[in-house]
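Student: Can you look at this prediction? I've put the sequence above it.
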Number of protein chains: 2
Amino acid sequence: MTLENTLSRIDTDLDAALERLKTFLAIPSISTDPAYKPDCDRAADWLVANLQEIGIDAQKRPTPGQPMVTAHVDGPEDAPHLLFYGHYDVQPVDPLELWTQPPFEPIIADGPNGRIIQARGASDDKGQLMTFVEACRAWKAEHGTLPFRITFFFEGEEESGSPSLVPFMEEHADELRADLALICDTGMVAPGVPSIASQLRGMLKDEFTLIGPARDLHSGHYGGPGLNPLREMAHIIASFHDPETGAVAVEGFYEGVEDISDELRRQWEGCGFDEKDYLGAAGYSVAHGEKAYSTLEQQWARPTLEINGLWGGYQGAGTKTVIPSEAHCKLTCRLVGDMDPDALRLKIRKHVEDRLPADCTVRWDQSLDGSKASVMDVTRPEFERARTALTDEWEREAVFTGMGGSIPIAGFFKSILGMDSMLIGFANEDDSIHSPNEKYDVESFHRGIRSWARIMDKLSG
Amino acid sequence: MTLENTLSRIDTDLDAALERLKTFLAIPSISTDPAYKPDCDRAADWLVANLQEIGIDAQKRPTPGQPMVTAHVDGPEDAPHLLFYGHYDVQPVDPLELWTQPPFEPIIADGPNGRIIQARGASDDKGQLMTFVEACRAWKAEHGTLPFRITFFFEGEEESGSPSLVPFMEEHADELRADLALICDTGMVAPGVPSIASQLRGMLKDEFTLIGPARDLHSGHYGGPGLNPLREMAHIIASFHDPETGAVAVEGFYEGVEDISDELRRQWEGCGFDEKDYLGAAGYSVAHGEKAYSTLEQQWARPTLEINGLWGGYQGAGTKTVIPSEAHCKLTCRLVGDMDPDALRLKIRKHVEDRLPADCTVRWDQSLDGSKASVMDVTRPEFERARTALTDEWEREAVFTGMGGSIPIAGFFKSILGMDSMLIGFANEDDSIHSPNEKYDVESFHRGIRSWARIMDKLSG
C-alpha cells in the first residue's frame, strides 16, 4: 500500500505545498517584458533549488532568451523514461486595476468551487507545473527514489513565443529524448472531469493583399467603372464557405480529415461538456460551424478557415470618398487529422487566384508558417494506464478530449525528438488564464498532485 | 463689334492678367490649417482690392471661419441677375518634396499642351475664379459697365468642408438670391472640349458595425462553432451587387433612376472622352461597373454603392488567432436622377438587416447625411446660349457633360436659394489638383476669360 502512503503524505503536506507555490508565484517572471528578465532568472533559480531540495540534480541552462531548467533522474534499466514539460514564465498582468489584489502577492480565498489560490501564473502554468514536482517530492520522500527515469524540462518563454525552444531542443536532442512526454498545461473539459487531451488541432497561417487600382481613387470620379478591391475581397471571403452546410468550400480542403470513431464520439457525448455554457460565454445561442457536426466536434475534430483580420480603405471618423488601392486579409486554418499545411496553403491560394477578376492581383505574405495537427496514439499502454489512474483519483471516468487550439510544444516533441506527448492538466474554464484575477482551484492543485502520484504508480507497474 | 473689342483687350492684357494671378497664387490660403488663417484673410483682402480696382464695390464678410467676399453690381432692371461663385482657398501642399518649385512661388513653364502656370491653386480654384473676374475687368474697361446684374460670391472654406457656407447663405438668402448661379470649379471632358456640367451625382453616406461574439474570442477555442462577424460582413458586402450584371442588388435601389436621353447619349459619345486614358490612369484595362452601360454612363449617369472602408480583427504584423467581436464598414452611394437619399438609406439598412444570422446584430452610424443628385434644367435658355458662346470660342461643339462627383454648392444654391446652377470650367484632367505640381494651362486661363466674355455677351443679348 505504498501508493496509499504517498497519497496520505500529499494530503498532509498540502499546506506546505501551497506555501511553496506561493513563493514561486511571488516571482514576477513575465517573459515578454525585458524589464522582468532578472525575475525570470530568479524563477528558474527557484525551480532549480526546489528540485535540488528533493534530491534531484537540476540545472539552469542558458539560452539567448530565458534559461531552461533541466534535470535527469536515473531509474531501473527496464523502467520507462518519461519527460515532464512545463513553463515557469507568466503572462503580463494588465489591466492591473481589474485585479482584486496585487497579482504577485498570492492569496488563498474562497471561490465558486471551494478554495482557490489567486495570482498571475496560479493556473498557467506554475500551479500546474508544481502538481508534478510535488508528486515527485512525495514519492521521493516515501520511496527514496522515483519509479522510473525522468527528464524534467521547464522553459521560461512559453508566453512569449518560445524563440529559444527549437534551437535548444535541436542542440540537445539526445539528452532530451524520452519514451513519452507528459505536458501539464491544459484543462479539464468540465469541473471534476479528468481529461487527457489526445488530439490538438494544427494551424496554417496566411495573409494576402488584393490590389485593384494603381492608387487610391476618388469614388466620385471612378465610382462605377472602378474595380474596388474591398468588394472583391468580400466576394472571395464569402466564397470560402458553403452557406448551406457551413463547410469550407476550398477544393480539396478536407483531404486528410476523417470523422472521429464511434467510441470517441460516445466518450465525448458523456464527457460533461456544457454546450450551453460554452456558447453562452461567447454570447452565442447556437453553434455556427458545420451543420453536420456537434458543437464539440466543430471545436475539436473539424478543421476551420477563419478570417482573423480584414482591412482596407478609410477607418477614421466620418466619410472619405475613396476607392482604395488595396484590401488586406489575415487568415488561419485549424487543421485536424492528416491535413498537410503546405499542400493546403496551395489549395487556398489557388481558390483565391481562380477568383480574381481582370485588373485585380494578389500578393501573399511569404513569412507565415503552419503545423500539422497532433493526434496522440491513445492505443499506447501509457494512455490507458493514465486514464485508469485519473478515473481512480477523481471517481469519474477520465476522457480523451480534443482541443480546439494548438500546443506547439507537442508538435516539436514529435517532429524534433520523435516523441509522443500525453497532455494532462487540471485547469478549469473559469481560471481566467491570461486575464486579471487568474486562479487555480486548490482542488485542482491537490488532486492534480495525487493524480500524478497515481499515474506514476500505474506507469511504473 | 464691341465683343470683338473686348476679346482683343483680353488678348492684349493676358500677360498682365497672368501677373495678377501670380500675385493671388503667392498667398498660401490653406483653409484647413489654422496656421494659414492670416493668409486666407490676405487672399480675401486681395480679392476685394482686385474687384475694387475694376470699380466693383466688394466687401470682406466675416464668418466664424474664413471670410466670404461678396459684391453686387446693378444693371438694367430688365436684365438678368447672375451670381458668380468660386473659392479662394487651396489644398495643403504635402508632399512638399514632390514639387518642382515652392508651391506658392508660381512659375510659367512649358507643359504638354503649351504654356502652364504652376502653383498650388493654379487650377483649383484661383485660376478658374480669375477667368470670370478678368472677363469682367475687360468688359468693364470696354463698356464702362457690366451687361447685367451680377452678384460675386467667393468663399474661403471649400477645401475644408465649407462649415460657414450654409449658415451664411441662410442668413443672407435675400441678398444672394439671383436667377442663376455660374460656378467655375469644374473641368473639360477632354482637352479643348468646352463642357457644361449639367448633372452631378448626389451622395448617401452610411456606416455600420456587425457585432458577433460578446468579446474577442480565441480562434482555437471557438473556431468552428463561433460566428465571425468578418465573414458575415463579407457575405453582406458580396450581396450588395449582382455579379452577373454588375448592378446593385438592393431591392428598390434604382427607384428614381432613368436612362439618359438618346440626344444626351449622342452628345456624350462624341464628346471626346478618352475611355482608354481614363481607365489607364487608374491601372484598369476594362470598366467594372454595370455591364449594360458605357463607361461614361457608369461614371456620370448611374448610381453606385461603394465600400470606402472595411475593417475588423487584427491588422498588425504576423498572426493573432482571434475571432473579433466586431466588423466595420463605411459605404457611400452616388445618386442620380430623382433618387431620394433618405428612402434609399432605409432600403440599404433593410438589405443588411434581412441578412443577419442568429447571434449577429448591427449598429448604424446615425450622424451621416446625404444629398440628392443635381440635374440641371438645360432647357433654360441660358444653357443653350452659353453652349453657343463656348462653341464659338473653342471652335468645337460644347457638350453637356455629367460629373461622377458631387459639388455640394450646387445643391445648396438649389435647396437654400431655389436657384439653378450652370457649371462651366476649363480645368484639364492632368491639372494635378490636390496634388504636387498643380498647374493650369495658360490656354485654359486665356480662353476661359474669353469664354466668359462671350457668355456675358450672349446672356445680355
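Tutor: On my side now, so go ahead.

Student: separation between the nearest residue in space to A:Gly370 that is not next to it in sequence and A:Leu230?
Tutor: Distances taken as C-beta to C-beta, 6 or more residues apart in numbering or on different chains put A:Pro341 closest to A:Gly370, at 2.8 Å, once the chain neighbours are dropped. The C-beta positions use only the backbone N, C-alpha and C, and glycine is treated the same way. Counting by C-beta to C-beta, to the nearest Å, the gap from A:Pro341 to A:Leu230 is 28 Å.

Student: Of the two, which one has the most company?
Tutor: Higher neighbour count among A:Pro341 and A:Leu230: A:Leu230, with 29 against 18, using other C-beta atoms under 10 Å in any protein chain shown.

Student: give me the element that one is part of.
Tutor: A:Leu230 is located in helix A:229-239, with elements delineated by DSSP states H and E.

Student: related to what we said a few turns ago, my read: the residue nearest to A:Gly370 touches A:Asp206, true?
Tutor: No. Look at A:Pro341 against A:Asp206 with C-beta atoms under 8 Å: they stay out of range, at 9.6 Å.

Student: Can you tell me how far A:Arg137 is from chain B?
Tutor: 33 Å (C-beta to the nearest C-beta, to the nearest Å).

Student: can you give me phi and psi for that residue?
Tutor: With angles defined as degrees, to the nearest 10, A:Arg137 sits at phi -60, psi -50.

Student: Can you tell me the closest non-neighbouring residue to it?
Tutor: A:Ile54 (4.8 Å).

Student: What residues sit buried inside stretch A:10-26?
Tutor: Residues of stretch A:10-26 classed as buried: A:10, A:13-14, A:17-18, A:20-22, A:24-26 (neighbour count, 16 or more other C-beta atoms under 10 Å in any protein chain shown).

Student: Now, those residues that are in helices?
Tutor: A:10, A:14, A:17-18, A:20-22, A:24-25 (DSSP state H).

Student: show me where chain A has helices.
Tutor: Under DSSP H, chain A gives helices at A:2-12, A:14-25, A:37-54, A:126-143, A:165-171, A:173-176, A:229-239, A:262-269, A:275-281, A:295-300, A:341-353, A:381-394, A:408-417, A:442-460.

Student: Is it possible to get a markdown table of these that adds mean pLDDT?
Tutor: Shown next, in a markdown table, are those (pLDDT from 0 to 100):
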| stretch | mean pLDDT |
| --- | --- |
| helix A:2-12 | 97 |
| helix A:14-25 | 98 |
| helix A:37-54 | 98 |
| helix A:126-143 | 97 |
| helix A:165-171 | 97 |
| helix A:173-176 | 97 |
| helix A:229-239 | 98 |
| helix A:262-269 | 91 |
| helix A:275-281 | 94 |
| helix A:295-300 | 96 |
| helix A:341-353 | 98 |
| helix A:381-394 | 97 |
| helix A:408-417 | 92 |
| helix A:442-460 | 97 |
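
Student: Retrieve the pLDDT associated with the closest residue to chain B within the stretch 201-350 of chain A.
Tutor: In the stretch 201-350 of chain A, the residue that lies nearest chain B is A:Gly220 (2.7 Å; C-beta to the nearest C-beta). pLDDT, A:Gly220: 91.

Student: residue contacts, the nearest residue to it once chain neighbours are set aside?
Tutor: Spatial nearest neighbour of A:Gly220, excluding adjacent residues (C-beta to C-beta, 6+ apart): B:Gly405 at 2.7 Å. Counting by C-beta atoms under 8 Å, 6 or more residues apart in numbering or on different chains, B:Gly405 touches A:218, A:220-221, A:321, B:200-201.

Student: how does it look with 10 Å?
Tutor: Neighbouring residues of B:Gly405 by C-beta atoms under 10 Å, 6 or more residues apart in numbering or on different chains: A:218-223, A:321, B:186, B:197, B:200-201, B:203, B:299-300, B:334.

Student: burial count for the residue in the stretch 51-200 of chain A positioned nearest to chain B?
Tutor: In the stretch 51-200 of chain A, the residue that lies nearest chain B is A:Leu200 (8.8 Å; C-beta to the nearest C-beta). Other residues lying near A:Leu200 total 29 when counted by other C-beta under 10 Å.

Student: cool, A:Ala343 as well?
Tutor: 12.

Student: And for it, nearest residue in space, chain neighbours not counted?
Tutor: Closest to A:Ala343 by C-beta to C-beta, 6+ apart is A:Glu255, at 7.4 Å.

Student: List the contacts of the one you found.
Tutor: A:337-340, A:343-344, A:347 are the contacts of A:Glu255 under C-beta under 10 Å, 6+ apart.

Student: mind checking how far A:His434 is from chain B?
Tutor: Counting by C-beta to the nearest C-beta - A:His434 and chain B are separated by 9 Å.

Student: contacting residues around the most centrally placed residue in chain A?
Tutor: Closest residue to the average C-alpha location of chain A: A:Ile407 at 3.9 Å, with C-alpha atoms, centre = their mean. A:Ile407 sits next to A:85, A:158, A:183, A:185-186, A:197, A:200-201, A:374, A:413, A:421, A:423, B:220 when contact means C-beta under 10 Å, 6+ apart.

Student: Quick check: A:Asp124 vs A:Met203, distance?
Tutor: Taking C-beta to C-beta, one finds A:Asp124 at 20 Å from A:Met203.

Student: Likewise for A:Asp259?
Tutor: Taken as C-beta to C-beta, the span from A:Asp259 to A:Met203 is 21 Å.

Student: higher neighbour count, those two?
Tutor: Legend: neighbour count by other C-beta under 10 Å for A:Asp259 and A:Met203, higher for A:Met203 (26 against 13).

Student: For the more buried one, give the beta-bridge partners.
Tutor: Judged by DSSP bridges, the bridge partners of A:Met203 are A:Arg334, A:Ser371.

Student: Do I have it right that it meets A:Arg345?
Tutor: No. Between A:Met203 and A:Arg345 there is no contact under C-beta atoms under 10 Å: 11.5 Å.

Student: Between the two, which contacts overlap?
Tutor: A:333, A:368-370.

Student: burial count for the residue of the stretch 201-350 of chain A closest to chain B?
Tutor: Neighbours of A:Gly220 using other C-beta under 10 Å come to 22.

Student: Let me see the contact set for it.
Tutor: A:321, A:323, B:200-201, B:203, B:299, B:304, B:306, B:332, B:334, B:403-407.

Student: Among those residues, which pair sits farthest apart?
Tutor: A:Ile323 and B:Ile407 (19.1 Å; C-beta to C-beta).

Student: Walk me through the domains of chain A.
Tutor: Split into domains by automatic domain parsing, chain A comes to A:2-200+A:373-460, A:202-257+A:303-371.

Student: number of nearby residues for the residue lying closest to A:His81 once chain neighbours are set aside?
Tutor: Of all residues not flanking A:His81 in the chain, A:Arg149 sits nearest, at 4.0 Å (C-beta to C-beta, 6+ apart). Using other C-beta under 10 Å, A:Arg149 is surrounded by 18 other residues.

Student: how close does A:Arg149 sit to B:Glu297?
Tutor: 81 Å.

Student: And A:Leu264, by the same measure?
Tutor: In terms of C-beta to C-beta, A:Leu264 sits 61 Å off from B:Glu297.

Student: Same check on A:Ala373?
Tutor: Distance of A:Ala373 to B:Glu297, given as C-beta to C-beta: 54 Å.

Student: now swap in A:Leu305 and tell me
Tutor: For A:Leu305, the distance to B:Glu297 - C-beta to C-beta - is 39 Å.
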